[in-house]
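[1] build me a model:
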Amino acid sequence: MPTIEANGIELYYEEHGEGEPLLLIMGWGGNAATWKPQIPGLAERYRVIAFDNRGAGRTKAPDEPYTIPQMAGDAAVLLDELRVPRAHVFGISMGGMIAQELALRHPDRVDTLVLGCTSPGGRRAAGARDLQKNIQDFENTPEDDIDLKWFAGFLKRLWTDRALAKSDPNLQDFVLSLIRYPPVKHGLRNQGEAISRHDAYDRLQEVTQPALVMTGDKDELIDFENSFILAGRIPKAELRIFPGLKHAFHLEQADLANSVIIEFIERAKSRPLPITQLRSA
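    As a prediction, this is how the structure comes out:
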(Lines give C-alpha, C1' and ligand atoms only; values in the text may rest on other atoms or scores of the structure.)
Protein backbone atom coordinates (compact mmCIF):
# COMPACT_ATOMS: atom_id res chain seq x y z
CA MET A 1 0.00 0.00 0.00
CA PRO A 2 1.76 3.22 -1.15
CA THR A 3 2.05 5.79 1.61
CA ILE A 4 4.19 8.79 2.49
CA GLU A 5 4.85 10.71 5.70
CA ALA A 6 3.12 14.07 5.52
CA ASN A 7 3.08 16.52 8.41
CA GLY A 8 3.20 13.84 11.05
CA ILE A 9 0.76 11.34 9.53
CA GLU A 10 0.93 8.39 7.17
CA LEU A 11 -0.91 9.39 3.99
CA TYR A 12 -2.20 6.90 1.41
CA TYR A 13 -2.06 7.69 -2.31
CA GLU A 14 -2.33 5.96 -5.67
CA GLU A 15 -1.43 6.79 -9.27
CA HIS A 16 -3.10 5.96 -12.58
CA GLY A 17 -2.12 6.66 -16.19
CA GLU A 18 0.64 8.75 -17.70
CA GLY A 19 1.07 12.33 -18.86
CA GLU A 20 0.84 15.66 -17.10
CA PRO A 21 0.02 15.27 -13.38
CA LEU A 22 -3.60 15.75 -12.30
CA LEU A 23 -4.11 15.79 -8.53
CA LEU A 24 -7.57 14.77 -7.26
CA ILE A 25 -8.65 16.01 -3.81
CA MET A 26 -11.69 14.28 -2.33
CA GLY A 27 -14.38 15.75 -0.08
CA TRP A 28 -15.70 15.05 3.41
CA GLY A 29 -15.36 11.40 4.39
CA GLY A 30 -14.42 10.20 0.90
CA ASN A 31 -11.23 8.47 -0.19
CA ALA A 32 -9.23 7.73 -3.32
CA ALA A 33 -11.54 4.83 -4.24
CA THR A 34 -14.50 7.22 -4.31
CA TRP A 35 -13.06 8.66 -7.54
CA LYS A 36 -13.45 5.29 -9.32
CA PRO A 37 -16.12 6.43 -11.84
CA GLN A 38 -13.87 9.26 -13.05
CA ILE A 39 -10.33 7.91 -12.84
CA PRO A 40 -10.31 5.67 -15.96
CA GLY A 41 -11.41 8.50 -18.26
CA LEU A 42 -8.98 11.00 -16.78
CA ALA A 43 -6.10 8.49 -16.70
CA GLU A 44 -6.34 8.09 -20.48
CA ARG A 45 -4.92 11.61 -20.73
CA TYR A 46 -3.12 12.39 -17.46
CA ARG A 47 -1.02 10.97 -14.65
CA VAL A 48 -3.83 10.91 -12.10
CA ILE A 49 -2.82 11.13 -8.44
CA ALA A 50 -5.52 10.44 -5.85
CA PHE A 51 -5.11 10.23 -2.10
CA ASP A 52 -7.01 9.91 1.17
CA ASN A 53 -7.20 13.11 3.21
CA ARG A 54 -6.23 12.98 6.86
CA GLY A 55 -9.16 11.59 8.81
CA ALA A 56 -10.50 9.30 6.07
CA GLY A 57 -9.82 6.07 4.23
CA ARG A 58 -6.36 4.55 4.57
CA THR A 59 -4.69 7.75 5.78
CA LYS A 60 -4.22 8.21 9.52
CA ALA A 61 -6.93 9.99 11.44
CA PRO A 62 -5.41 11.71 14.46
CA ASP A 63 -8.06 12.87 16.90
CA GLU A 64 -7.05 16.51 16.95
CA PRO A 65 -8.22 19.66 15.17
CA TYR A 66 -7.69 19.74 11.41
CA THR A 67 -7.58 22.83 9.19
CA ILE A 68 -8.02 23.29 5.46
CA PRO A 69 -4.55 24.93 5.14
CA GLN A 70 -3.08 21.94 6.98
CA MET A 71 -4.68 19.53 4.51
CA ALA A 72 -3.45 21.68 1.61
CA GLY A 73 -0.01 21.27 3.16
CA ASP A 74 -0.50 17.50 3.12
CA ALA A 75 -1.23 17.69 -0.61
CA ALA A 76 1.87 19.82 -1.21
CA VAL A 77 4.05 17.30 0.64
CA LEU A 78 2.58 14.51 -1.51
CA LEU A 79 3.59 16.40 -4.66
CA ASP A 80 7.07 16.87 -3.19
CA GLU A 81 7.44 13.17 -2.40
CA LEU A 82 6.30 12.18 -5.88
CA ARG A 83 8.67 14.76 -7.40
CA VAL A 84 5.84 16.59 -9.11
CA PRO A 85 6.78 20.26 -9.46
CA ARG A 86 3.38 21.35 -10.84
CA ALA A 87 0.02 19.69 -11.35
CA HIS A 88 -3.48 20.35 -12.54
CA VAL A 89 -5.68 20.20 -9.43
CA PHE A 90 -9.30 19.05 -9.17
CA GLY A 91 -10.99 19.33 -5.77
CA ILE A 92 -14.54 18.35 -4.86
CA SER A 93 -16.55 19.83 -1.95
CA MET A 94 -14.13 19.95 1.02
CA GLY A 95 -11.48 18.98 -1.53
CA GLY A 96 -12.35 22.13 -3.44
CA MET A 97 -11.64 24.15 -0.31
CA ILE A 98 -8.30 22.38 0.04
CA ALA A 99 -7.61 23.08 -3.65
CA GLN A 100 -8.30 26.80 -3.10
CA GLU A 101 -5.75 26.89 -0.29
CA LEU A 102 -3.22 24.92 -2.33
CA ALA A 103 -3.54 27.43 -5.18
CA LEU A 104 -3.26 30.39 -2.79
CA ARG A 105 -0.44 29.11 -0.57
CA HIS A 106 1.52 27.19 -3.21
CA PRO A 107 0.69 28.97 -6.49
CA ASP A 108 3.81 27.65 -8.19
CA ARG A 109 2.55 24.08 -7.74
CA VAL A 110 -0.84 24.51 -9.49
CA ASP A 111 -1.19 24.74 -13.29
CA THR A 112 -4.96 24.81 -13.59
CA LEU A 113 -7.61 24.69 -10.90
CA VAL A 114 -10.92 22.81 -11.07
CA LEU A 115 -13.39 23.36 -8.23
CA GLY A 116 -16.48 21.17 -7.93
CA CYS A 117 -19.56 21.75 -5.72
CA THR A 118 -17.58 23.78 -3.21
CA SER A 119 -17.61 27.08 -1.34
CA PRO A 120 -15.37 30.03 -0.55
CA GLY A 121 -16.37 29.56 3.08
CA GLY A 122 -17.03 32.17 5.74
CA ARG A 123 -20.19 34.06 6.59
CA ARG A 124 -20.50 35.52 3.07
CA ALA A 125 -20.81 32.11 1.46
CA ALA A 126 -24.25 31.17 0.18
CA GLY A 127 -26.09 28.96 2.66
CA ALA A 128 -23.39 29.45 5.29
CA ARG A 129 -25.79 29.03 8.21
CA ASP A 130 -27.31 25.87 6.77
CA LEU A 131 -23.88 24.34 6.23
CA GLN A 132 -22.81 25.18 9.78
CA LYS A 133 -26.04 23.65 11.10
CA ASN A 134 -25.47 20.45 9.10
CA ILE A 135 -21.96 20.14 10.53
CA GLN A 136 -23.20 20.78 14.07
CA ASP A 137 -26.06 18.29 13.66
CA PHE A 138 -23.59 15.61 12.58
CA GLU A 139 -21.28 16.34 15.51
CA ASN A 140 -24.26 15.99 17.86
CA THR A 141 -25.39 12.69 16.33
CA PRO A 142 -24.49 9.72 18.57
CA GLU A 143 -22.19 7.29 16.81
CA ASP A 144 -24.72 4.48 17.22
CA ASP A 145 -27.24 6.55 15.22
CA ILE A 146 -24.96 6.73 12.18
CA ASP A 147 -26.48 3.61 10.67
CA LEU A 148 -27.91 2.43 7.36
CA LYS A 149 -30.97 4.67 7.74
CA TRP A 150 -28.73 7.71 8.30
CA PHE A 151 -26.56 6.72 5.35
CA ALA A 152 -29.59 6.29 3.06
CA GLY A 153 -30.72 9.80 3.94
CA PHE A 154 -27.23 11.11 3.24
CA LEU A 155 -27.18 9.45 -0.21
CA LYS A 156 -30.45 11.19 -1.11
CA ARG A 157 -28.72 14.53 -0.66
CA LEU A 158 -25.89 13.57 -3.01
CA TRP A 159 -27.54 11.60 -5.80
CA THR A 160 -30.67 12.16 -7.87
CA ASP A 161 -33.75 10.01 -7.40
CA ARG A 162 -33.11 8.60 -10.85
CA ALA A 163 -29.67 7.30 -9.90
CA LEU A 164 -30.96 5.87 -6.62
CA ALA A 165 -33.95 4.17 -8.26
CA LYS A 166 -31.90 2.35 -10.88
CA SER A 167 -28.98 1.64 -8.52
CA ASP A 168 -26.60 3.39 -10.89
CA PRO A 169 -23.22 1.56 -11.20
CA ASN A 170 -21.38 4.76 -10.30
CA LEU A 171 -23.51 5.01 -7.18
CA GLN A 172 -22.60 1.42 -6.33
CA ASP A 173 -18.90 2.29 -6.67
CA PHE A 174 -19.41 5.27 -4.36
CA VAL A 175 -21.12 3.18 -1.69
CA LEU A 176 -18.55 0.40 -1.98
CA SER A 177 -15.67 2.87 -1.51
CA LEU A 178 -17.12 3.93 1.84
CA ILE A 179 -17.89 0.36 2.92
CA ARG A 180 -14.36 -0.84 2.10
CA TYR A 181 -12.63 2.14 3.70
CA PRO A 182 -15.08 3.61 6.23
CA PRO A 183 -14.13 6.90 7.89
CA VAL A 184 -14.07 7.04 11.66
CA LYS A 185 -16.43 9.37 13.52
CA HIS A 186 -13.69 11.57 14.96
CA GLY A 187 -12.08 11.89 11.52
CA LEU A 188 -15.39 13.07 10.06
CA ARG A 189 -15.89 15.45 12.98
CA ASN A 190 -12.44 16.96 12.58
CA GLN A 191 -12.88 17.33 8.83
CA GLY A 192 -16.24 18.98 9.45
CA GLU A 193 -14.72 21.48 11.84
CA ALA A 194 -12.06 22.31 9.25
CA ILE A 195 -14.83 22.96 6.71
CA SER A 196 -16.65 25.22 9.15
CA ARG A 197 -13.54 27.38 9.62
CA HIS A 198 -12.62 27.66 5.94
CA ASP A 199 -12.79 31.22 4.58
CA ALA A 200 -10.99 32.17 1.36
CA TYR A 201 -13.53 34.79 0.24
CA ASP A 202 -11.27 37.84 0.56
CA ARG A 203 -8.29 36.05 -1.02
CA LEU A 204 -9.91 34.58 -4.12
CA GLN A 205 -8.80 37.50 -6.27
CA GLU A 206 -5.22 36.36 -5.58
CA VAL A 207 -5.79 33.08 -7.44
CA THR A 208 -3.74 33.46 -10.61
CA GLN A 209 -4.42 30.11 -12.26
CA PRO A 210 -7.07 29.49 -14.91
CA ALA A 211 -10.00 28.03 -12.99
CA LEU A 212 -13.06 25.98 -13.84
CA VAL A 213 -15.93 26.03 -11.31
CA MET A 214 -18.56 23.29 -11.63
CA THR A 215 -21.69 22.33 -9.72
CA GLY A 216 -25.08 20.69 -9.96
CA ASP A 217 -27.93 23.15 -9.58
CA LYS A 218 -29.84 20.81 -7.23
CA ASP A 219 -27.00 20.47 -4.71
CA GLU A 220 -28.44 19.98 -1.21
CA LEU A 221 -25.13 20.10 0.71
CA ILE A 222 -23.26 23.10 -0.72
CA ASP A 223 -25.53 25.86 -2.05
CA PHE A 224 -24.86 26.02 -5.80
CA GLU A 225 -24.83 29.82 -5.63
CA ASN A 226 -21.36 29.47 -4.12
CA SER A 227 -20.09 28.49 -7.53
CA PHE A 228 -21.25 31.85 -8.89
CA ILE A 229 -19.37 33.54 -6.05
CA LEU A 230 -16.20 31.59 -6.76
CA ALA A 231 -16.38 32.19 -10.51
CA GLY A 232 -17.06 35.88 -9.94
CA ARG A 233 -14.16 36.45 -7.56
CA ILE A 234 -11.45 34.31 -9.18
CA PRO A 235 -9.98 36.41 -12.02
CA LYS A 236 -9.54 33.70 -14.69
CA ALA A 237 -12.61 31.61 -13.92
CA GLU A 238 -15.26 29.81 -15.93
CA LEU A 239 -18.51 28.46 -14.51
CA ARG A 240 -20.24 25.29 -15.64
CA ILE A 241 -23.65 24.33 -14.24
CA PHE A 242 -24.99 20.76 -14.52
CA PRO A 243 -28.80 21.06 -14.52
CA GLY A 244 -30.81 18.64 -12.41
CA LEU A 245 -27.79 17.12 -10.63
CA LYS A 246 -26.89 17.17 -6.96
CA HIS A 247 -23.67 17.11 -4.94
CA ALA A 248 -22.30 13.98 -6.64
CA PHE A 249 -22.81 15.42 -10.13
CA HIS A 250 -19.22 14.57 -11.10
CA LEU A 251 -19.73 10.89 -10.27
CA GLU A 252 -23.30 10.54 -11.54
CA GLN A 253 -22.30 12.03 -14.91
CA ALA A 254 -18.62 11.08 -14.82
CA ASP A 255 -18.10 10.95 -18.59
CA LEU A 256 -19.62 14.39 -19.09
CA ALA A 257 -17.69 15.90 -16.17
CA ASN A 258 -14.46 14.38 -17.46
CA SER A 259 -14.99 15.77 -20.96
CA VAL A 260 -15.59 19.25 -19.54
CA ILE A 261 -12.47 19.04 -17.36
CA ILE A 262 -10.23 17.73 -20.15
CA GLU A 263 -11.46 20.34 -22.63
CA PHE A 264 -10.83 23.09 -20.08
CA ILE A 265 -7.31 21.94 -19.21
CA GLU A 266 -6.26 21.51 -22.83
CA ARG A 267 -7.67 24.90 -23.79
CA ALA A 268 -6.05 26.58 -20.79
CA LYS A 269 -2.69 25.15 -21.83
CA SER A 270 -2.97 26.59 -25.33
CA ARG A 271 -4.01 30.17 -24.57
CA PRO A 272 -4.94 32.52 -21.74
CA LEU A 273 -8.54 32.20 -20.63
CA PRO A 274 -10.96 35.14 -20.57
CA ILE A 275 -13.29 35.62 -17.63
CA THR A 276 -16.37 33.81 -18.83
CA GLN A 277 -19.37 32.08 -17.39
CA LEU A 278 -20.74 29.11 -19.28
CA ARG A 279 -23.97 27.25 -18.73
CA SER A 280 -24.43 23.74 -20.01
CA ALA A 281 -27.26 23.23 -22.41
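
[2] hang on, Leu14 in a helix?
    Quick fix: residue 14 reads Glu, not Leu. No - the assignment for Glu14 is strand, going by DSSP: H, G, I helix; E, B strand; the rest coil, so no helix is present there.

[3] what residues are bridge-paired with it?
    Beta-bridge partners for Glu14, by DSSP bridges, are Ala50.

[4] now Leu102: closest residue in space, sequence neighbours ignored.
    Excluding the flanking residues, the one nearest Leu102 by Cβ to Cβ, 6 or more residues apart in numbering is Ala72, at 4.3 Å. Yep, even glycine has a C-beta here, placed from its N, CA and C like the rest.

[5] please tell me how far the one you found sits from Ile265.
    For Ala72, the distance to Ile265 equals 20 Å [Cβ to Cβ, to the nearest Å].

[6] can you check Gly232 too?
    From Gly232 over to Ile265 the distance is 22 Å, taken as Cβ to Cβ.

[7] buried ones in stretch 234-245, by neighbour count?
    Counting neighbours by 16 or more other Cβ atoms under 10 Å, one finds that the buried residues in stretch 234-245 are 234, 236-242, 245.

[8] please tell me how far that stretch is from the chain's geometric centre.
    Stretch 234-245 sits 15 Å away from the centroid of its parent chain (Cα atoms, centre = their mean, to the nearest Å).

[9] what residue is smack in the middle of this structure?
    Nearest to the mean C-alpha position of the chain, by Cα atoms, centre = their mean, lies Ile92 at 1.7 Å.

[10] tally up the residues packed near the residue lying closest to that one once chain neighbours are set aside, please.
    Sequence neighbours aside, Gly116 is the residue nearest to Ile92 in space, at 4.4 Å (criterion: Cβ to Cβ, 6+ apart). Counted with other Cβ atoms under 10 Å, residues neighbouring Gly116 total 28.

[11] quick one, what contacts Gly116?
    By Cβ atoms under 8 Å, 6 or more residues apart in numbering, the contact set of Gly116 is 90-93, 95-96, 213-215, 249-250, 257.

[12] in TSV, list the residues you listed along with secondary structure.
    Listed next are these as TSV, based on three-state DSSP:
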residue	secondary structure
Phe90	strand
Gly91	strand
Ile92	strand
Ser93	coil
Gly95	helix
Gly96	helix
Val213	strand
Met214	strand
Thr215	strand
Phe249	helix
His250	helix
Ala257	helix
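
[13] narrow those to just the buried residues.
    Neighbour counting by 16+ other Cβ under 10 Å classes 90-93, 95-96, 213-215, 249-250, 257 among the contacts of Gly116 as buried.

[14] among those, which one lies nearest to Ser196?
    In terms of Cβ to Cβ, no member of the buried ones among the contacts of Gly116 lies closer to Ser196 than Ser93, at 13.4 Å.

[15] the buried ones among the contacts of Gly116 into JSON lines, with extra columns for pLDDT and distance to Ala128?
    Formatted as JSON lines, the buried ones among the contacts of Gly116 follow (pLDDT from 0 to 100; distance: Cβ to Cβ, whole Å):
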{"residue": "Phe90", "pLDDT": "98", "distance to Ala128": "24"}
{"residue": "Gly91", "pLDDT": "98", "distance to Ala128": "19"}
{"residue": "Ile92", "pLDDT": "98", "distance to Ala128": "19"}
{"residue": "Ser93", "pLDDT": "98", "distance to Ala128": "15"}
{"residue": "Gly95", "pLDDT": "98", "distance to Ala128": "19"}
{"residue": "Gly96", "pLDDT": "98", "distance to Ala128": "15"}
{"residue": "Val213", "pLDDT": "98", "distance to Ala128": "18"}
{"residue": "Met214", "pLDDT": "98", "distance to Ala128": "20"}
{"residue": "Thr215", "pLDDT": "98", "distance to Ala128": "16"}
{"residue": "Phe249", "pLDDT": "98", "distance to Ala128": "21"}
{"residue": "His250", "pLDDT": "98", "distance to Ala128": "23"}
{"residue": "Ala257", "pLDDT": "98", "distance to Ala128": "26"}
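
[16] dump those residues to CSV, plus distance to Pro120.
    Converted to CSV, the buried ones among the contacts of Gly116 look like this (distance: Cβ to Cβ, whole Å):
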residue, distance to Pro120
Phe90, 17
Gly91, 13
Ile92, 15
Ser93, 13
Gly95, 14
Gly96, 10
Val213, 10
Met214, 15
Thr215, 13
Phe249, 19
His250, 19
Ala257, 21
